[in-house]
Every structure is written in C-alpha cells, then in structure tokens.
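Colleague: predicted model and sequence below, questions to follow.
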Amino acid sequence: MEAIKEKLNAIPSHMDYKGQKLAEQIFQIIIVVFAVVGFAWGYVCEQFVQTVYILVAGFILSCLLTLPPWPIYRRHPLPWQKPRDDSKEVSQKESKKSGGKKKEKSK
Amino acid sequence: MNTILSRANTIFAFTLSVMAALTFCCFLTTAMNDHLSPIKIDVNKIIVKNVQDFSTTREKNDLGFITFDLQADLQHLFNWNMKQLFLYLTAEYTSPNNKLNQVVLWDKIIRRGENARLDYRSLHSKYYFFDDGKGLRGNQNVTLTLSWNVIPNAGTLPRISGVGSKTFQFPDEYTPGNARI
C-alpha cells in the first residue's frame, strides 16, 4: 500500500496559481454554455432529459480539459529562490547559532 | 483547485448547482399553464341495487351500476415538464346521510407519449359505486366529473377538474337479484 501511495503522490497534479484560475474559468464557461444550449434544445424537442444529457456532456468535457494538469495551466511557476550551496548554508547556520547564543547570553 | 480530487469536487458541485437552476427554470416555463381541457361524458345504462357491502357493514347499502361514454383530447396538455397524467372520474351527489359524497368510479394513467385522445364507449366503472346508506335510489342529481393530477418533472402537483360534466338520475326502483348491465 505504502509503495502505491508513494507512486501516486509522485505523479505531479498541481497547477500554478494562474493555471488554477484559468481552469476554474474554463470549466465554468463550458458548463454554463452547455447548460444554456441544452435548455434551449430540451425546450425545442420537449424532452428535459436531453437538457440533462447535454449538461453531463459538458461536465465530462470540462473534466477532460481541467482535471489533468495540462501544460497550459503550468506556465507561470512561482519564482522560488534557488537552492543554496549546502556547505555555505551549514557554515552560515553555525555562525548564526553562535551569534544567537552570544545575544542570549547578553540578555 | 490544487489537486485532481479538489478540482473534480469543484466541477461536480458546480454542475449540480447548474442542474438545479435548470430544473427550476424548467418549472418556471410551465408554471403559468392552467392545464384545462374540455371533456364530454355521457351516461348510458343506470341501475341501482340494494346489496350488502361485505367489507364494511352487515346492513344492505345502495350500489349503483352505470356505463358511460368518455371523450377527451388531452394531447395538448403534455409538455416537457409533465411525466404523466392521472385521470379519475368522480361521482358527486347529496344523500340524506351526507351533504357531499364523492366516489371515484374509474381512473387511468396516461404517460408521456401514450395516446391521450380518449374516446371510450360504454365503459364500465372500475370501482364499486357504493353509497354508505340508501342515498342512491331515486337520486335526482348525481354529477360525473373527470379530473386529473399533473405529475411534473419539477414543480407543483396541481389537481384539475375538466371543463364539462354530466348530471344524471338513478331509477326509483331497485334492480333485483344478480341482474347486471
């Protein structure tokens, strides 16, 4: 189980912030458009079930378009700071620690 | 919106909300219908007997037998917000026991797509026309009306009375024995 979970978690599924906003706008527009068209079509052929079918088609389409993290949703990655060199970091931490200790003592 | 599951949840919830809104709009499109239709009822044979209603009392009660013709075109009542019509034929009369008696004699379900142009001749009633006393013999004012329930996809369940009714009277004498019509 653990191995499967790890493998699943290893699959990247995240979108960046702008991608999330774009995905939300896309599925809302798709579903509303399908709803309006389905309502009109159902009214014309006097079958409310046609409206429901068309809405479900819109649901499936928007799932296909916005569930997987397509590249279009990952075009604005956050500008993370670059990882620092390990040896430098350690020496800096040590110096900070010593500095902190001194301050504590002075207090 | 950061994981697939949370996106799926958001999309599904949004779809359900839109579907609820559509259903309400569907109800609004038919909310103003009056569901009225003219009907024509005629009564052919009328007899009344005095027999025991085994399901209730040991005393003898009046039991009416009628056959009737029924013509109605209910096709135009159907729309996209109607699943079926439940028709029922009611006899209304006044008797010494009660100011108002209503007895359902016959009913029928018409689903969408079934033939809604009714043209029946000499139909027997489905259910017994029992009075709870001796109020049928010689009754001068028994009124038959056809009413219907509209069963919609969404919305109210209106109970409509058809336009047109038939008033008839029962004979003054009981028909003896097992004679039927």
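Modeller: Noted; the coordinates are in hand.

Colleague: and the closest residue to B:Asp73 other than its chain neighbours, what does it touch?
Modeller: Of all residues not flanking B:Asp73 in the chain, B:Arg117 sits nearest, at 5.0 Å (Cβ to Cβ, 6 or more residues apart in numbering or on different chains). Where you see a C-beta, it was placed from the backbone N, CA and C, and this is true even at glycine. Counting by Cβ atoms under 8 Å, 6 or more residues apart in numbering or on different chains, B:Arg117 touches B:72-75.

Colleague: before we move on, what about B:Glu173?
Modeller: B:Glu173 neighbours (Cβ under 8 Å, 6+ apart): B:Arg137.

Colleague: ok, it to chain A distance?
Modeller: 53 Å (Cβ to the nearest Cβ, to the nearest Å).

Colleague: and if you look at B:Lys99?
Modeller: 43 Å.

Colleague: what helix or strand is that residue on?
Modeller: Assessed by DSSP states H and E, B:Lys99 sits outside every helix and strand.

Colleague: what's it sitting at in phi/psi?
Modeller: Dihedral angles of B:Lys99 (phi, psi; degrees, to the nearest 10) stand at phi -70, psi -40.

Colleague: flag the shaky bits of the chain, pLDDT-wise.
Modeller: By default, I'm working from chain A. A:87-107 (pLDDT under 70).

Colleague: could you do chain B instead?
Modeller: For chain B, counting by pLDDT under 70, the residues that fall below are B:178-181.

Colleague: get me the contact residues on it for chain A.
Modeller: Contact residues (Cβ under 8 Å from any Cβ of the partner chain) of chain B with chain A: B:1-4, B:7-8, B:10-12, B:14-15, B:18-19, B:21-23, B:25-26, B:29, B:78-81, B:153.

Colleague: now a ChimeraX select for only the buried ones of the residues you listed.
Modeller: Remark: buried members of the residues of chain B next to chain A, expressed as a ChimeraX selection using 16 or more other Cβ atoms under 10 Å in any protein chain shown:
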select /B:1,4,7,10,11,14,15,18,19,22,23,26,29,78,79,80,81,153
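
Colleague: among the residues of chain B next to chain A, which are located in helices?
Modeller: B:4, B:7-8, B:10-12, B:14-15, B:18-19, B:21-23, B:25-26, B:29 (DSSP state H).

Colleague: which pair in those residues spans the largest distance?
Modeller: By the measure Cβ to Cβ, B:Ile4 and B:Thr29 form the most distant pair in those, at 37.2 Å.

Colleague: let's verify the nearest residue to B:Thr3 once chain neighbours are set aside: helix, strand, or coil?
Modeller: Among residues not flanking B:Thr3 along the chain, A:Ser13 sits closest, at 5.4 Å (Cβ to Cβ, 6+ apart). Taking DSSP: H, G, I helix; E, B strand; the rest coil as the rule, one finds A:Ser13 in the coil state.

Colleague: burial check on A:Ser13, number of neighbours?
Modeller: 15 (other Cβ atoms under 10 Å in any protein chain shown).

Colleague: surely it meets B:Ser6?
Modeller: No: counting by Cβ atoms under 8 Å, B:Ser6 is not a contact partner of A:Ser13; they are 9.7 Å apart.

Colleague: residues of chain A that sit close to chain B?
Modeller: So chain A meets chain B at A:13-15, A:20, A:23-24, A:27-28, A:31-32, A:35, A:38-39, A:42-43, A:46-48, A:51-52, A:55-56, A:58-59, A:62-63, A:66-69 (Cβ under 8 Å from any Cβ).
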